[in-house]
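>>> Any chance you could fold what I've pasted below:
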Amino acid sequence: MRRVTDDVLLDDLMPWSVAPLRPGRAWVVAPDAAALRARWDALVRAGRDEREALFRPSRARTLTSSVAALPGQRTGTARLAREAGPCPEPVRLAHGPFDEQWLLPDHRLLDAARPELWRVADERQLFAVEQGYVPQAPGPALLVSAALPDGRSPAGRPGRIRPLYRRPGGREPNVAPGLPEVLSGRYDTEVAAEDVLAWALAAARPSPAGCVVPLPADPLVWESGVALGRRMTTVQVRGARGGERPRLPGGRRPYVRAALPPHPRTLSYDAAGEVLLVGDTGRVAPVPAEAWDYRVGGVRMLELWFGHRTAPAEPGTLEAIRPAAWPQAWTSELLELITVLALQARLESGRPDLTGVPTITPAELRAAGVLPVPGAARRPASVLDREEEGPEGQLALL
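Numbers count the residues shown, from 1 in each chain. Prediction:
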């Protein structure tokens, strides 16, 4: 593929990438797992015509589509027109930046589920998620998730999803062949795939060509950036992979000062008192200004998160099946989100300043044999150690 930039891109460093998921229908994703189960029950109880209207067929999926089960998921593979079984167990989904929701992991419901991602999703995996490019808009170019991400972008064109490993169990890192060895030689220290991802989180900047990831020639700059990226990873994955849940210092932890109402419709911020106003009566404080104003692609994350839970749904649709009142779990998630955004904003203020810093160029990577990346490294690895159920219960051949 012809290069359109002289910068080092994330595509040079982590060559295997997958397009964002395309569910095709909004009702298969929700902030509440119980709502998803209720939506499934309503679907399978409905008669043929009503079921079709509730399902919302698309060109890719109808009630008679015949598809295999998603890798690692125990779901039915009979056509949905005659499905009467129990609800598939919802799984955690990174629904865009900083918003963890739930997904019905049934291939029959999803227009483009990206099975290659499901094959490598496990407790060892991390996913680098590029954010949509929006000129002059504030926000990070790259985020990381332990939960399977859908790659949704709040603004602009969605980016690519890049698993850290090409195989389950943390095997075969998704880095350009030869890159760790070249960087280890330049920095006189062992460079692992996790270091490459950590540096990218700390140093990536957006561009029309994709995430630009300058590689410093100075080992001390690299070491500092990797340490920063590792701290960002810890904050963003929220305790996954055996880590600790993110926490602000004792006197700065947000608390509910006045109970949230059962049906909040507005969200605002009192900067003077560092108070998040939820509905007419709810009060959360202290909320640092950097958490309230944290944006991705120019979109404020707290407002987006709140809107996903309170936006009205069309009556009679499956999306309209939702909690009768604001669940306590959402309040806990809100407090954690405030913490994550505040910590992330503070970490981003320490991003390495590479102005005038000598960098490793694409020409140097070509001379070292790292570029161009072999075509096989841009394709998914063959994963043959898991049986997968094909349409109508048959064994899928991989």
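>>> for Ala30, phi and psi?
Dihedral pair for Ala30: phi -160, psi 150, per degrees, to the nearest 10.
>>> separation between it and Ala69?
Here Ala30 is placed at a distance of 21 Å from Ala69 (Cβ to Cβ, to the nearest Å). All C-beta spots, glycine's among them, are computed from the backbone N, C-alpha and C.
>>> Looking at the two, which has the bigger crowd around it?
Ala30 (27 against 23; other Cβ atoms under 10 Å).
>>> wait, what's in contact with the closest residue to Leu142 other than its chain neighbours?
Once flanking residues are discounted, Leu142 sits nearest to Ala204: 4.1 Å by Cβ to Cβ, 6 or more residues apart in numbering. Counting by Cβ atoms under 8 Å, 6 or more residues apart in numbering, Ala204 touches 10, 140-142, 211-213.
>>> which of these lies closest to Val226?
Closest approach to Val226 among the contacts of Ala204 (Cβ to Cβ): Val213, at 12.4 Å.
>>> got the contact list for the closest one?
Here Val213 is in contact with 8-10, 12-13, 199-200, 203-204 (Cβ under 8 Å, 6+ apart).
>>> pLDDT wise, what is it at?
Note on Val213: pLDDT of 98.
>>> What's the separation between the most centrally placed residue in the chain and Glu116?
For the chain, the residue nearest the mean C-alpha position is Pro149 (3.3 Å; Cα atoms, centre = their mean). To Glu116, Pro149 is 13 Å away according to Cβ to Cβ.
>>> now Pro135
31 Å.
>>> Of these two, which one has the most company?
Glu116 (18 against 9).
>>> right, and the more buried one touches Ala19 too?
No. Between Glu116 and Ala19 no contact is recorded; they are 10.1 Å apart, counting by Cβ atoms under 8 Å.
>>> part of a strand, is Ala325?
No. Under DSSP: H, G, I helix; E, B strand; the rest coil, Ala325 falls outside any strand and is assigned coil.
>>> Spit out the contact partners of it.
The neighbours of Ala325, taking Cβ under 8 Å, 6+ apart as the test, are 262-263.
>>> Distance-wise, check it relative to Gly156.
Separation of Ala325 from Gly156 (Cβ to Cβ) stands at 35 Å.
>>> Over to Gln236?
To Gly156, Gln236 is 20 Å away according to Cβ to Cβ.
>>> Those two: which is more packed in?
Using other Cβ under 10 Å as the criterion, Gln236 and Gly156 rank with Gln236 on top: 24 against 18.
>>> and the more buried one, which of the three is it?
Taking three-state DSSP, the label given to Gln236 is helix.
>>> how far away is it from Gly178?
28 Å.
>>> count of neighbours near Val212?
Val212: 18 surrounding residues under other Cβ under 10 Å.
>>> which residues does it contact?
Applying Cβ under 8 Å, 6+ apart, the residues near Val212 are 5, 7-10, 141, 204-206.
>>> List phi and psi for it.
phi -90, psi 130.
>>> what packs against the helix or strand containing Leu201?
Under the criterion of DSSP states H and E, Leu201 resides in helix 193-203. In this structure, helix 193-203 packs against helix 10-13, strand 127-130, strand 142-145, helix 179-187, helix 219-237, with contacts taken as 3 or more Cβ pairs under 8 Å, 6 or more residues apart in numbering; DSSP states H and E.
>>> JSON lines for those, including mean pLDDT?
Shown next, in JSON lines, are those (pLDDT from 0 to 100):
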{"stretch": "helix 10-13", "mean pLDDT": "98"}
{"stretch": "strand 127-130", "mean pLDDT": "97"}
{"stretch": "strand 142-145", "mean pLDDT": "98"}
{"stretch": "helix 179-187", "mean pLDDT": "98"}
{"stretch": "helix 219-237", "mean pLDDT": "97"}
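>>> just so I have it, where are all the helices in the stretch 1-150 of the chain?
Ranges of helices in the stretch 1-150 of the chain, per DSSP state H, counting those that start in this stretch, are 10-13, 33-45, 48-55, 115-120.
>>> Glu274 is nearest to which of these?
Closest to Glu274 of the helices of the stretch 1-150 of the chain, according to Cβ to Cβ: helix 33-45, at 32.0 Å.
>>> and the angle for the closest one with helix 48-55?
Following axes from the mean of the first three to the mean of the last three Cα atoms, to 10 degrees, one obtains 150 degrees for the angle between helix 33-45 and helix 48-55.
>>> Can I get helix 33-45 in PDB? Just the C-alpha atoms.
Below are the C-alpha coordinates for helix 33-45, written out as PDB (Å, rounded to 0.1, in the frame of the first residue of the first chain):
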ATOM      1  CA  ALA A  33     -27.700  -6.400  31.200                       C
ATOM      2  CA  ALA A  34     -31.100  -7.200  32.600                       C
ATOM      3  CA  ALA A  35     -32.700  -4.900  30.000                       C
ATOM      4  CA  LEU A  36     -31.000  -7.000  27.300                       C
ATOM      5  CA  ARG A  37     -32.500 -10.200  28.700                       C
ATOM      6  CA  ALA A  38     -35.900  -8.600  28.800                       C
ATOM      7  CA  ARG A  39     -35.500  -7.500  25.100                       C
ATOM      8  CA  TRP A  40     -34.600 -11.000  24.100                       C
ATOM      9  CA  ASP A  41     -37.600 -12.400  25.900                       C
ATOM     10  CA  ALA A  42     -39.900  -9.900  24.200                       C
ATOM     11  CA  LEU A  43     -38.400 -10.900  20.800                       C
ATOM     12  CA  VAL A  44     -38.800 -14.600  21.100                       C
ATOM     13  CA  ARG A  45     -42.300 -14.300  22.600                       C
END
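>>> so what secondary structure elements neighbour it?
helix 48-55, strand 100-103.
>>> May I see the buried residues of it?
Across helix 33-45, burial judged by 16 or more other Cβ atoms under 10 Å covers 33, 35-40, 42-43.
>>> sorry, back to before: which one of the contacts of Ala204 is nearest to Pro163?
Closest to Pro163 out of the contacts of Ala204 is Leu10 (12.8 Å), distances taken as Cβ to Cβ.
>>> What are the buried residues along stretch 152-159?
Buried positions in stretch 152-159, judged by neighbour count with 16+ other Cβ under 10 Å: 152-156, 158-159.
>>> ok, now stretch 174-193?
Buried, per 16+ other Cβ under 10 Å, within stretch 174-193: 174-176, 179-180, 182-183, 186-187, 191, 193.
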